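A.B. asks: Have a look at this fold, sequence not included:
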């Protein structure tokens, strides 16, 4: 019983990282069809932001908490710069954005190696996050609870943004029917830019969360980007709930298979499972209904 | 003389030129060391011909060609290691106590089976993934992501197979220290030269196959699938079948490129077949011109040459160059260098326009590169 609970919990925390990484992708991919391979490097940038910000404060806890909004800004700004310089001229050929952003990701990785070195930088865990916490009679590491809570708060915040604000309405309108949204007076250009800001900012938050599980290094984005994209593929685009379910299912599946086999074999089995799943639901778990062919 | 100007003949002029360069010029002026490097580049060019077919003509952004390259390479590598070990004995990297090998390793002892596997293994994997995705109308970015995930999984699989007790693939160290290639001593420079001719010959054959496919009715259909799958479907064809054929052929070509890579370079590791090398195989194709016949070949050789020249001295610098190439070429020159002429004409037309002169009609560069991902969003 203990093993089952702890594995489910490990799965939930893997899932929450995946969710934080994937939800920004689901937003930008769903709205603009852009496949941003540099999203992983925005995660990395978030992690390094936590490292730098924490270095400015005596108190590790204050530094860590403050680095969350700063990392959101850093990730978001990187995303907006990318959108304004490169991606906006490529909306008519979305598949090519994958390769262009891959080039950006190569350059960002190498920059990080040059600036921070190839050794991983560890971000200090504040004392109030050290050790286990007892819940329902089980001991859970506090850092993993922190990551889970951070993911839940972020997702709730994002769905509030999408549901209740005018930006959210504009985003949903653009996802559902771009032309009609434009006809209704929505500036899809500025909506696209804001979506990119929010989506990339969430990657920055994912980076901060990651630092509490492992030191941040230049290839951390690479490790998460493919799985994050698989979450988007499985979850379907344009809706948050698909990404939430897919991230936690993949996370728990990964944790369970890792326990039974090993980490490498688990990833292979998950890949096979995803291809099989797409036979049943090629559009993912949820999808926004559109009237286009496909 | 009429024969010389006829279109049937002029279509083969590039082949003639390439044959002269590869079989006369290059061996004549290059040292053995340089010739071996060129042979390595030709292996990537063979892969590039297939990518040109699948991606350039068919619009399938395949990010996992390293898998097929690796299947061909490991099939050849296992055969050569088993051959070196001698009949009934295990390769030198396996534990010395190994007295039994599983059937799927043992079968690579046979030369004919290995040669068949080099083509059939990649083709079979591509067939399964292609059918599983295209038949369910999973395409565009979804297919690209799945093919990339396959590359990640495959590199891990090779490592797993080497980390267990049997050590079948030698894990992250890969297969190396080959002594002979189908009985020919690999240390003999004459045999190294033969390997170069072999790679050059295979390259020309692959380009010829690609040319015949592109100029056939099938080629028309494949390009039609890239422009609009729905219209192809309305005309009564199944786009999935059309695309799977191109994908399978591209996979087989990558397998052949990988199989030649092993005796020429002398080592194959999981690092050569993972996610990063798989995407790197695309950049040469994009630079040369993904929609053209010879562009991918020239681009792949050029990029491989630049990489081995630059990355040996400045590895970090090469990463920047590679990243910049992806950005500049794909964003600003999507037709590759082959389209440079029309891009310049366009720019000149724009310039003439400004000065009040009549402009040439604009040449569409990016029109045929559109995909229909946008329409499903």
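C.D. replies: Nice, thanks for sending it over. Predicted, not measured: the structure shown is a model, and the values here were computed from it. Numbering: from 1, shown residues only, chains lettered A, B, ... in the order given.

A.B. asks: For whichever strand or helix holds residue A:259, give the mean pLDDT please.
C.D. replies: Residue A:259 is part of helix A:240-260 when elements are defined by DSSP states H and E. On average, the pLDDT along helix A:240-260 is 87.

A.B. asks: neighbouring contacts of that helix?
C.D. replies: The set of residues external to helix A:240-260 that reach it, using C-beta atoms under 8 Å, 6 or more residues apart in numbering or on different chains, is A:3, A:7-8, A:10-19, A:22-23, A:26, A:155, A:158-159, A:162, A:227, A:230-232, A:234-236, A:265-267, A:269-270, A:273, A:284-287. Backbone N, C-alpha and C define where each C-beta goes, glycine included.

A.B. asks: need the residues of the stretch 101-250 of chain B near chain A, please.
C.D. replies: Applying the criterion C-beta under 8 Å from any C-beta of the partner chain, the portion of the stretch 101-250 of chain B that neighbours chain A consists of B:129, B:132-133, B:136-138, B:140-142, B:144-146, B:148-150, B:152-153, B:156-157, B:159-160, B:230.

A.B. asks: Packing partners of whichever helix or strand comes after the helix holding residue A:259?
C.D. replies: On the C-terminal side of helix A:240-260, the closest following helix or strand by DSSP H and E is helix A:263-280. On a contact count with 3 or more C-beta pairs under 8 Å, 6 or more residues apart in numbering or on different chains; DSSP states H and E, helix A:263-280 meets helix A:220-235, helix A:240-260, helix B:111-134, helix B:141-163.

A.B. asks: now the helices: where do they sit in the stretch 101-250 of chain A?
C.D. replies: Per DSSP state H, counting those that start in this stretch, the stretch 101-250 of chain A has helices spanning A:142-164, A:166-176, A:178-183, A:188-211, A:220-235, A:240-260. These are given in chain order.

A.B. asks: Please convert these to a markdown table, extending it with distance to residue B:106 and mean neighbour count.
C.D. replies: Formatted as a markdown table, those follow (distance: least, C-beta to C-beta, whole Å; neighbours: other C-beta atoms under 10 Å in any protein chain shown):
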| stretch | distance to residue B:106 | mean neighbour count |
| --- | --- | --- |
| helix A:142-164 | 46 | 17 |
| helix A:166-176 | 55 | 18 |
| helix A:178-183 | 58 | 14 |
| helix A:188-211 | 44 | 25 |
| helix A:220-235 | 34 | 25 |
| helix A:240-260 | 29 | 21 |
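
A.B. asks: With distance to residue B:63 as new columns, can these be given to me in JSON lines?
C.D. replies: Written out in JSON lines, the entries for those read as follows (distance: least, C-beta to C-beta, whole Å):
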{"stretch": "helix A:142-164", "distance to residue B:63": "28"}
{"stretch": "helix A:166-176", "distance to residue B:63": "25"}
{"stretch": "helix A:178-183", "distance to residue B:63": "27"}
{"stretch": "helix A:188-211", "distance to residue B:63": "21"}
{"stretch": "helix A:220-235", "distance to residue B:63": "10"}
{"stretch": "helix A:240-260", "distance to residue B:63": "20"}
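
A.B. asks: low-confidence ranges in the chain?
C.D. replies: Just going to use chain A. Scanning chain A for pLDDT under 70 picks out the ranges A:1, A:238, A:287-294.

A.B. asks: Hmm, no, I was thinking of chain B.
C.D. replies: Where chain B drops into low confidence, which here means pLDDT under 70, it does so at B:1-8, B:165, B:350-377.

A.B. asks: Which residue does it have closest to chain A?
C.D. replies: Among all residues of chain B, residue B:326 sits closest to chain A, at 2.8 Å; criterion: C-beta to the nearest C-beta.

A.B. asks: Spit out the contact partners of residue B:257.
C.D. replies: B:43-47, B:50, B:69, B:72.

A.B. asks: If we use 7 Å, what do you get?
C.D. replies: B:43-44, B:46-47, B:69, B:72 (C-beta atoms under 7 Å, 6 or more residues apart in numbering or on different chains).

A.B. asks: Kindly present those residues as CSV, with separate columns for distance to chain A and secondary structure.
C.D. replies: Conversion of the contacts of residue B:257 to CSV gives the following (distance: C-beta to the nearest C-beta, whole Å; DSSP: H, G, I helix; E, B strand; the rest coil):
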residue, distance to chain A, secondary structure
B:43, 22, helix
B:44, 17, helix
B:46, 21, helix
B:47, 16, helix
B:69, 18, helix
B:72, 20, helix
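
A.B. asks: In those, find the pair that's most separated.
C.D. replies: With distances taken as C-beta to C-beta, the most widely separated pair in these is B:44 and B:72, at 12.7 Å.

A.B. asks: neighbour-wise, which of the two wins?
C.D. replies: Set side by side, residue B:44 and residue B:72 give different neighbour counts by other C-beta atoms under 10 Å in any protein chain shown, the larger being at residue B:72 (33 against 27).

A.B. asks: All set now, cheers.
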